[in-house]
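**Student:** fold the stuff below for me.
(one chain, ligands or ions: 1)
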Amino acid sequence: MRTIEWRDGTVITVDQTKLPHETVTLKIKTIDEMAEAIKNLRVRGAPLLGAAAAFGLALTACHSKANRKEKLLTELGNSAKILKSTRPTAVNLFWAADRILAKAQDYSGNAEELKMLVIREAQRIADEDAEANRSIGKNGAELINDGDVILTHCNAGELATVEYGTALGVIRAAWKQGKKIKVIATETRPLLQGARLTAYELKRDGIPVTLITDSMVGYVMYKRLVNKVVVGADRIVQDAVVNKIGTFAVAVLANEHGVPFYVAAPKSTFDLKRKAGDVTIEERKPTEVTHFANKPTAAQGTDVLNPAFDITPLKYISAIIHESGIYYKQDFCKFANQI
Ligand code: MRU
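**Tutor:** A predicted model of the protein is given here:
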């Protein structure tokens, strides 16, 4: 089953805050429900946020009473604003919303036809993501050898995408080719996407996975317990990769130890008109840091910094794995011109 699906005017997905212990299906019917699900990370992961935004606009179109195209365009514009105010960092959400808005604005048919067009375009965005991830997996598997131990951070798996995953797509494809690989997953503080989602996905698929805390990365690199890193991305700009907080530290440690550091991402993650300084890094609420499993761990009133993402300069990245191929450090410029 896909992580997100359009079914008779409803968006079906799984509440990722409940995994791995409970599988709760969400049936999202309105743009406000979609915005709530995104804000609270029930739906998360950059490519999935793209599909979620697209389906959010499909919900608006599907349930709109507008019988004039202009009215529908206003409603879609308002819904896009709501979606864009949820989480600022993953560009996929903005990319998908803008793609649908542009398509709707250019359309010359009537309101009823436009509603169908928006729903179809959202489905196309989801289908393209599923296809891109398979290609990323196939391309990236070439970089993986029999016996490799691959470290991944956060969750760039099936749950972060419409299907298959980006970083975990590479791991899945290599595993399917019969390569005997092992994965080290970081727990990914503070919201534990690595422990709750990555370890769960891999374990379920029978791929050997060992969980570590984020602060153990230096130890496993020093001890040569890992020989490749593959992560996903929330936004790739001209000079950096923006991904889950902690990625930069993993990249620096990998470089220090001569471990290749790969980033797997589809075209919806690229924002090559911008530089790292232009990206808004989401700041989340302090209780995510002062509490663990809803129990306070820090003294009351402790000041907190809680950026959800960090910035890894391109010089730390050995190659980018894209649906169109593998781009090594020396080819990044060529790559930037191509997509
Ligand atoms: O805060 P999240 O869980 O949405 O963050 C997700 C990540 O940082 C992933 O690594 C990234 O979106 C890549 S997913 C293919």
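
**Student:** what's near enough to touch Glu112?
**Tutor:** Glu112 is in contact with Asn67, counting by C-beta atoms under 8 Å, 6 or more residues apart in numbering. C-beta: built from backbone N, CA, C; applies to glycine.

**Student:** secondary structure element holding it?
**Tutor:** Assigning secondary structure by DSSP states H and E places Glu112 in helix 111-141.

**Student:** that helix and the ligand, any residue contact?
**Tutor:** No. Using C-beta under 6 Å from any ligand atom, helix 111-141 stays clear of the ligand, with a minimum separation of 8.3 Å.

**Student:** tell me the helix or strand right after that helix.
**Tutor:** strand 149-152.

**Student:** gap between the following helix or strand past that following strand and the chain center?
**Tutor:** The C-terminal neighbour of strand 149-152 among helices and strands, as given by DSSP H and E, is helix 167-176. Relative to its chain's centre, helix 167-176 lies at 16 Å (C-alpha atoms, centre = their mean, to the nearest Å).

**Student:** give me the contact list for helix 167-176.
**Tutor:** 133-134, 136-138, 140-141, 143-144, 148, 150, 152, 155-158, 161, 164-165, 181, 183, 198, 201-202, 205, 207, 230-232, 262, 264, 321.

**Student:** and stretch 99-111, by the same measure?
**Tutor:** Residues contacting stretch 99-111 (C-beta under 8 Å, 6+ apart): 54, 57, 64, 66-69, 71-73, 76-77, 80, 113-114, 117-118, 121-122, 125.

**Student:** for stretch 113-125, C-alpha coordinates in PDB please.
**Tutor:** Taking Å, rounded to 0.1, in the frame of the first residue of the first chain, the C-alpha atoms of stretch 113-125 are listed here in PDB:
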ATOM      1  CA  GLU A 113     -13.400  20.700 -15.400                       C
ATOM      2  CA  LEU A 114     -10.800  22.600 -13.300                       C
ATOM      3  CA  LYS A 115     -11.800  20.600 -10.200                       C
ATOM      4  CA  MET A 116     -11.000  17.300 -12.100                       C
ATOM      5  CA  LEU A 117      -7.800  18.800 -13.400                       C
ATOM      6  CA  VAL A 118      -6.500  19.600  -9.900                       C
ATOM      7  CA  ILE A 119      -7.400  16.100  -8.600                       C
ATOM      8  CA  ARG A 120      -5.600  14.500 -11.600                       C
ATOM      9  CA  GLU A 121      -2.500  16.700 -11.200                       C
ATOM     10  CA  ALA A 122      -2.300  15.700  -7.500                       C
ATOM     11  CA  GLN A 123      -2.500  12.100  -8.400                       C
ATOM     12  CA  ARG A 124       0.200  12.600 -11.000                       C
ATOM     13  CA  ILE A 125       2.500  14.200  -8.400                       C
END
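
**Student:** hmm, back to that, buried residues in the helix holding Glu112?
**Tutor:** 111, 114-115, 117-119, 121-123, 125-126, 128-130, 132-133, 135-141 (16 or more other C-beta atoms under 10 Å).

**Student:** up against the ligand, what does the stretch 1-150 of the chain have?
**Tutor:** Proximity of the stretch 1-150 of the chain to the ligand (C-beta under 6 Å from any ligand atom) is limited to residues Leu41, Arg44, Gly45, Ala46, Pro47, Ala90.

**Student:** now the two most distant members of those residues.
**Tutor:** Leu41 and Pro47 (14.8 Å; C-beta to C-beta).

**Student:** ok so, going back, let's see if you can find the most crowded of the residues of the stretch 1-150 of the chain next to the ligand.
**Tutor:** Pro47 (36 neighbours; other C-beta atoms under 10 Å).

**Student:** what are the bridge partners for Ile28, then?
**Tutor:** Val11 (DSSP bridges).

**Student:** who's in contact with it?
**Tutor:** By C-beta under 8 Å, 6+ apart, the residues touching Ile28 are Thr10, Val11, Ile12, Thr13, Met34, Ala37, Phe55, Leu59.

**Student:** next, count neighbours for the first one.
**Tutor:** When neighbours are counted by other C-beta under 10 Å, Thr10 registers 17.

**Student:** ok, now the second one?
**Tutor:** For Val11, the neighbour count with other C-beta under 10 Å is 26.

**Student:** just the pLDDT for it.
**Tutor:** pLDDT, Val11: 98.

**Student:** where's it relative to Ile38, distance?
**Tutor:** Computed with C-beta to C-beta, to the nearest Å, the distance linking Val11 and Ile38 is 11 Å.

**Student:** now do the third one
**Tutor:** When C-beta to C-beta is applied, the distance between Ile12 and Ile38 equals 15 Å.

**Student:** can you pick out the residue with more neighbours from these two?
**Tutor:** Ile38 (24 against 17).

**Student:** test my guess that that one contacts Leu83.
**Tutor:** Yes. Contact criterion C-beta atoms under 8 Å: Ile38 and Leu83 qualify, at 7.2 Å.
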